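Asker: got a structure for you, letters missing:
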């Protein structure tokens, strides 16, 4: 399966890769050399910590490269009256008798605590393509679903999402 990323997601990932290679990698290499100078490596906590940091950094670089390599670039929906990716949507939860505003995003920028919902989630899938006034059933699983009403749609772009890539 491909990772669905926006062009901004890919740009931000490439920036992070460049930063990790140009700044973090040399710092960790310097830390390893300094730690080696302290002697016995078997009991050298600084050396082991630096090696662990090197592994974490290299793993993150490879993870980001793989995400970019396997990415399918998604674009926003240009239909002004339908919920599309990156849009802010005010929905009314009938069950709770309250409204909430959410923004639809790629999975990489998903952060429900900040109201940023993945288009892959049951909620995101349910409201994509819907219009203001539509009553939508959100199926969480076989046993549970709930209804929301689309109250408003604010058209935005991936540039308007300020959530770091996970």
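Answerer: Structure received. Since this is a predicted model, take the numbers as computed values, not measurements. Numbering: from 1, shown residues only.
Asker: distance from the chain centre to the longest strand along the chain, please.
Answerer: The longest strand of the chain (DSSP state E) is strand 145-154. Strand 145-154 sits 22 Å away from the centroid of its parent chain (C-alpha atoms, centre = their mean, to the nearest Å).
Asker: elements contacting that strand?
Answerer: Strand 145-154 sits against strand 88-93, helix 122-127, strand 135-139, with contacts defined as 3 or more C-beta pairs under 8 Å, 6 or more residues apart in numbering; DSSP states H and E. The way it works is simple: take the backbone N, C-alpha and C, and place the C-beta from them, glycine included.
Asker: can you redo the ones you listed as TSV with distance to residue 49 and mean pLDDT?
Answerer: Below are those laid out as TSV (distance: least, C-beta to C-beta, whole Å; pLDDT from 0 to 100):
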stretch	distance to residue 49	mean pLDDT
strand 88-93	43	93
helix 122-127	40	93
strand 135-139	46	93
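Asker: export the ones you listed to a markdown table and append columns for distance to residue 39 and mean neighbour count.
Answerer: Formatted as a markdown table, the helices and strands packed on strand 145-154 follow (distance: least, C-beta to C-beta, whole Å; neighbours: other C-beta atoms under 10 Å):
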| stretch | distance to residue 39 | mean neighbour count |
| --- | --- | --- |
| strand 88-93 | 58 | 19 |
| helix 122-127 | 55 | 20 |
| strand 135-139 | 61 | 14 |
